[in-house]
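Undergrad: Structure of the sequence below:
(2 chains)
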Amino acid sequence: QKEVEQNSGPLSVPEGAIASLNCTYSDRGSQSFFWYRQYSGKSPELIMFIYSNGDKEDGRFTAQLNKASQYVSLLIRDSQPSDSATYLCAPSIQGAQKLVFGQGTRLTINP
Amino acid sequence: DGGITQSPKYLFRKEGQNVTLSCEQNLNHDAMYWYRQDPGQGLRLIYYSQIVNDFQKGDIAEGYSVSREKKESFPLTVTSAQKNPTAFYLCASSIGAYPYNEQFFGPGTRLTVL
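TA: Residues are numbered from 1 along each chain as shown, chains lettered A, B, ... in the order given. Take a look at the predicted model:
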């Protein structure tokens, strides 16, 4: 089992709809979870982080965490073509100063 | 402007050569990281450093070396022992206070072996 699993996609969503990106992780001790967006040919940029079970909202983005199910998700409301990118899920490693990255989900928003 | 800089943006290497990729940050972050990304893949950790004069191997350290003589700088050397070095190399830094250890990335260096 991979440490972090994401559906590689591509995930195609019409403009204005909700995009739902999912991630499962194997380390039960992970305490913090990060979502990065990476445009083609560019470096990743941090868009959301979540530490507690439940939902965290920031503008059009909502991160959801369920530690019991070892599941974290990212919802993007009112999807825009500029949201088309690869989204990387990165849980922390328990007690360590490092993250482990999933392979990413490629999202395409269709006008 | 606070941030992370990497140079060069593009680098070409001949077989058998060592090359060094530069990474500098002025965010006053303690921890720094090097990742490798291959097309369509996620990020794989090469080396990381939590403090000056100390560093640890990541998942794919073979064929690479690093140093951390200054807090601001964490150069990566790709040696001739790395058999398939063509990839996108990313440097990141973090304040390092687990679990609030979000990482911020530089723009990357794209290395091609000729």
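
Undergrad: Next SSE downstream of the host helix or strand of residue B:104?
TA: Residue B:104 is located in strand B:103-105, with elements delineated by DSSP states H and E. Going down the chain from strand B:103-105, the next helix or strand is strand B:109-113, by DSSP H and E.

Undergrad: ok, and what's touching that following strand?
TA: If you take Cβ atoms under 8 Å, 6 or more residues apart in numbering or on different chains as the criterion, strand B:109-113 is touched by B:6-15, B:19, B:21, B:78, B:84-89. C-beta here means a position set from N, CA and C on the backbone, and glycine is covered the same way.

Undergrad: Buried residues of that strand, list them for me.
TA: B:109, B:111, B:113 (16 or more other Cβ atoms under 10 Å in any protein chain shown).

Undergrad: ok, now stretch A:85-97?
TA: Neighbour count says stretch A:85-97 has A:85, A:86, A:87, A:88, A:89, A:90, A:91, A:92, A:93, A:96, A:97 buried, by 16+ other Cβ under 10 Å.

Undergrad: Can you lay out the residues you listed as TSV showing pLDDT?
TA: Shown next, in TSV, are those (pLDDT from 0 to 100):
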residue	pLDDT
A:85	97
A:86	97
A:87	97
A:88	96
A:89	96
A:90	95
A:91	94
A:92	89
A:93	81
A:96	74
A:97	80
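
Undergrad: Scan the helices and strands of chain B for the one with the lowest mean pLDDT.
TA: Every helix and strand of chain B was ranked by mean pLDDT, DSSP states H and E. The lowest is strand B:10-13, at a mean of 93.

Undergrad: pLDDT of the helix or strand that comes right after it, averaged?
TA: Per DSSP H and E, the first helix or strand lying C-terminal to strand B:10-13 is strand B:19-25. Averaging pLDDT along strand B:19-25 yields 97.

Undergrad: Mind giving me the packing neighbours of strand B:19-25?
TA: strand B:4-7, strand B:10-13, strand B:31-37, strand B:76-78, strand B:87-94, strand B:109-113 (3 or more Cβ pairs under 8 Å, 6 or more residues apart in numbering or on different chains; DSSP states H and E).

Undergrad: again, only this time at 10 Å
TA: strand B:4-7, strand B:10-13, strand B:31-37, strand B:64-66, strand B:76-78, strand B:87-94, strand B:109-113 (3 or more Cβ pairs under 10 Å, 6 or more residues apart in numbering or on different chains; DSSP states H and E).

Undergrad: Whether the helix or strand just after the third one contacts chain A - can you check?
TA: Proceeding N to C from strand B:31-37, the next assigned helix or strand is strand B:43-51, under DSSP H and E. Yes. Residues of strand B:43-51 are located near chain A by Cβ under 10 Å from any Cβ of the partner chain, namely B:43, B:44, B:45, B:48, B:49, B:50, B:51.
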